[in-house]
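> sequence below, structure please.
(chains A and B)
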Amino acid sequence: DAGVIQSPRHEVTEMGQEVTLRCKPISGHDYLFWYRQTMMRGLELLIYFNNNVPIDDSGMPEDRFSAKMPNASFSTLKIQPSEPRDSAVYFCASSLFFRTSLGEQYFGPGTRLTVT
Amino acid sequence: KQEVTQIPAALSVPEGENLVLNCSFTDSAIYNLQWFRQDPGKGLTSLLLIQSSQREQTSGRLNASLDKSSGRSTLYIAASQPGDSATYLCAVGGGSNYKLTFGKGTLLTVNP
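Take a look at the predicted model:
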């Protein structure tokens, strides 16, 4: 398997523009997570899905952030409008619930977002 | 709210040394604990996963232990190599959900 795939790897945009980050989880995984990493706050969970359904979005910082998972192989994280403080590395991760336990989370390479 | 602390923040050791990285968490009602490695500018690589019912896990030169009652985990690296240089992150899975709470990490440098 190619692992978790994220695109783009780097995104530079101007304040106020819409940004869309994309993720393809590992085939067969039924959990998908979106994280944000900054120097100040470390890694933070934004939202996670189970079988394409959002379960917990309490980590989404503001209404400017939204996430969707239209099918088992694709998810998007959208920021509209973007602000300089959104600059961070955004990671997508996926995992598989097996028998009675959630397995390891496998992370994608991340998207480095810079908002000027 | 779960808080995860990793000590030390940075560690520099000579090649060949055995070392221990520490992780502590405030809420013992955890689902699992996962150790990751992150290389500069890269994503996270899962090293070991310990379920709440387990005490330790081993993979090659790595051994992770879990003591839920005291809120602690350790990652033991045997015979360290320069290629082990990276940031090591500890993440705790919540008791009532599958959210991972991360520590800030330990930056390990293994000198040849």
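> from here on, just use CA atoms for contacts and neighbour counts.
Noted.
> closest residue of chain B to chain A?
Using C-alpha to the nearest C-alpha, the single residue of chain B nearest to chain A is residue B:43, 4.3 Å away.
> contacts only, for that residue.
For residue B:43, the contacting residues are A:91, A:107-110, by C-alpha atoms under 8 Å, 6 or more residues apart in numbering or on different chains.
> what about 7 Å?
A:107-110 (C-alpha atoms under 7 Å, 6 or more residues apart in numbering or on different chains).
> so how far is residue A:21 from it?
Distance, residue B:43 to residue A:21, using C-alpha to C-alpha, to the nearest Å: 15 Å.
> contact partners of stretch B:73-86?
Counting by C-alpha under 7 Å, 6+ apart, the neighbours of stretch B:73-86 from elsewhere in the structure are B:15-24, B:37-39, B:61-67, B:107-112.
> between the contacts of residue B:43, which sits nearest chain B?
When the contacts of residue B:43 are ranked by distance to chain B (C-alpha to the nearest C-alpha), residue A:109 comes first, at 4.3 Å.
> next step: the contacts of stretch B:73-86 restricted to strands.
Using DSSP state E to define strands, the subset of the contacts of stretch B:73-86 located there is B:19-24, B:37-38, B:62-67, B:107-111.
> mind checking the end-to-end distance for stretch A:81-92?
Between the start and the finish of stretch A:81-92 there is a gap of 21 Å, counting by C-alpha to C-alpha.
> next, the buried residues of it.
The neighbour-count check on stretch A:81-92 (16 or more other C-alpha atoms under 10 Å in any protein chain shown) flags A:82-83, A:86-92 as buried.
> now those residues in CSV, with distance to chain B and pLDDT?
Output for the buried residues of stretch A:81-92, formatted as CSV (distance: C-alpha to the nearest C-alpha, whole Å; pLDDT from 0 to 100):
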residue, distance to chain B, pLDDT
A:82, 22, 96
A:83, 22, 96
A:86, 18, 96
A:87, 15, 97
A:88, 12, 97
A:89, 9, 97
A:90, 10, 98
A:91, 7, 97
A:92, 9, 97
